[in-house]
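A.B. asks: Structure here, sequence nowhere to be found:
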């Protein structure tokens, strides 16, 4: 009977994940359609679950007898000094029947930014858990009126907290579990649930020829072997898997100047390489930056490596349009980290800023085409402004205009062009100067209006193209502006140091809309 249940559950896996299988291997790029059901009681499954996390070097804590465990925090992309996202897993054992069971695995993500912050978190709640206005002195008076304790260390030490709030603070976790984060969220991770299932079930059933995960795409000079569980690539991007293949080109059209798009590119690169496909990222940066980027990607990421990268005039433009943002610099660091840990990830640039109009478009297409044809076994992710990534001829002001995306689609075998979809927020944007000054741009944080389709990154294609020549969209959630990297200093982004007398750090100001 148990063998029959196991066979049924494995059949479910093959049916829901058949596109992900490659012979005797499987890929984690495809999100399963169903739950993984174990043909064993939970008490028999749980010891092997513990073994999975132990062998994959994911330390955890659990309450004895609870059949619940929680792993330690792990940085996205690894040991980056500038990572602003961390992940941990909460694993809950569930009994289906007396003889079958399943796991719920919740990926918990925290961030030092407000990108994951729930609506209303920024509200200032007062002593009675209601909105408070007025000066600090007035709020202190309100705290005294509410009868809050005045002794040292009590609620009066923070007059914005009620007695109930103070109790919550005193009961908050301390030590490793305590953190101050701008935001956080939790999502069920079906990919991780099936990873554990593929590890545990064959052992329970004593299967010798169970499917194995595909080998990660390792760089030619990588030392030692790396496994998929050695990398934290973030929550799997829904719909990405079917587009990741050798020779494939994914054109991502963006609105410059957000935090989320560079993170989407880094996650795409990480998840694709971990699934076994070498990745090359193309960026709309000047060709003169190519040698600097190559040197940086292969470097140790030390202070002098960052200085060499940031010495390029591009990063110090008087009109930073979002391509030289802190988030873009952070993405380069994340790609460098992945490469330094053995993943086959590479970067190239393709912009020809000295050209204009169709000449520039044709030159950019030629550069991208050369890179793709030179690496036929690689998956290319090409990021640019969304005018360049279109595959339809013509613009309102130039009906004969052939964008880069159209030229690439005409000359390459596998090109998919996606437009950026997002929820409302902000972006660092350069627009024509509000005073009408000729050849002048007004750069700053501006409102970006989008549509709410949830918090999770995903890719969706239509089976054709829309009026702008896009095959679909990639969704990045609510967007947050990313200021120019040079405003954060000339050293490593996020270092908050005084390297080479960087400009004074300041909060981005909203650009005037006139």
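C.D. replies: That came in fine, so what should we check first? For clarity, every value in this text was computed on a predicted model and none was experimentally measured.

A.B. asks: quick check, residue 370 in a strand?
C.D. replies: No - the assignment for residue 370, made by DSSP: H, G, I helix; E, B strand; the rest coil, is helix rather than a strand.

A.B. asks: Please report the distance of it from residue 443.
C.D. replies: To residue 443, residue 370 is 32 Å away according to Cβ to Cβ, to the nearest Å. For every residue, glycine as well, the C-beta is placed using N, CA and C.

A.B. asks: How about residue 336?
C.D. replies: 27 Å.

A.B. asks: just residue 368 next, same as before
C.D. replies: Taken as Cβ to Cβ, the span from residue 368 to residue 443 is 27 Å.

A.B. asks: Residue 39 now?
C.D. replies: Taking Cβ to Cβ, one finds residue 39 at 60 Å from residue 443.

A.B. asks: next one: residue 286
C.D. replies: Following Cβ to Cβ, the distance that separates residue 286 from residue 443 is 18 Å.

A.B. asks: These two: which is more packed in?
C.D. replies: Just comparing residue 286 and residue 443: by other Cβ atoms under 10 Å the higher neighbour count belongs to residue 443, 21 against 18.

A.B. asks: Quick check: residue 419 touching residue 389?
C.D. replies: Yes - taking contacts as Cβ atoms under 8 Å, residue 419 lies within contact range of residue 389: 7.5 Å.

A.B. asks: List the strands paired with the helix or strand harbouring residue 422, with their directions.
C.D. replies: Secondary-structure element containing residue 422, defined by DSSP states H and E: strand 415-423. Here strand 415-423 has these sheet partners by DSSP bridges: strand 249-254 (parallel), strand 472-478 (parallel).

A.B. asks: and the longest one, what's its mean pLDDT?
C.D. replies: Which is strand 472-478. Mean pLDDT, strand 472-478: 97.

A.B. asks: Of all the residues in stretch 226-246, which ones are buried?
C.D. replies: Buried residues in stretch 226-246, counting neighbours by 16 or more other Cβ atoms under 10 Å, are found at 226, 228-229, 231-237, 239-241, 243-244.

A.B. asks: Can you give the distance of the helix or strand in which residue 204 is found from its chain's centre?
C.D. replies: Assigned by DSSP H and E, residue 204 falls within helix 190-205. Relative to the centre of its chain, helix 190-205 is centred 25 Å away, using Cα atoms, centre = their mean, to the nearest Å.

A.B. asks: go on, stretch 102-109?
C.D. replies: In terms of Cα atoms, centre = their mean, the centre of stretch 102-109 is set 18 Å apart from its chain centre.

A.B. asks: do stretch 312-330 as well
C.D. replies: On Cα atoms, centre = their mean, the centre of stretch 312-330 falls 20 Å from that of its chain.

A.B. asks: Against residue 485, how distant is residue 404?
C.D. replies: Distance, residue 404 to residue 485, by Cβ to Cβ: 25 Å.

A.B. asks: The closest residue in space to residue 53 that isn't next to it in sequence pairs with what?
C.D. replies: Closest residue to residue 53 apart from its sequence neighbours, by Cβ to Cβ, 6 or more residues apart in numbering: residue 60 at 5.3 Å. Note on residue 60: beta-bridge partners residue 71, judged by DSSP bridges.

A.B. asks: Could I get the contacting residues of residue 60?
C.D. replies: Counting by Cβ atoms under 8 Å, 6 or more residues apart in numbering, residue 60 makes contact with 50, 53, 69, 70, 71, 72, 89, 91.
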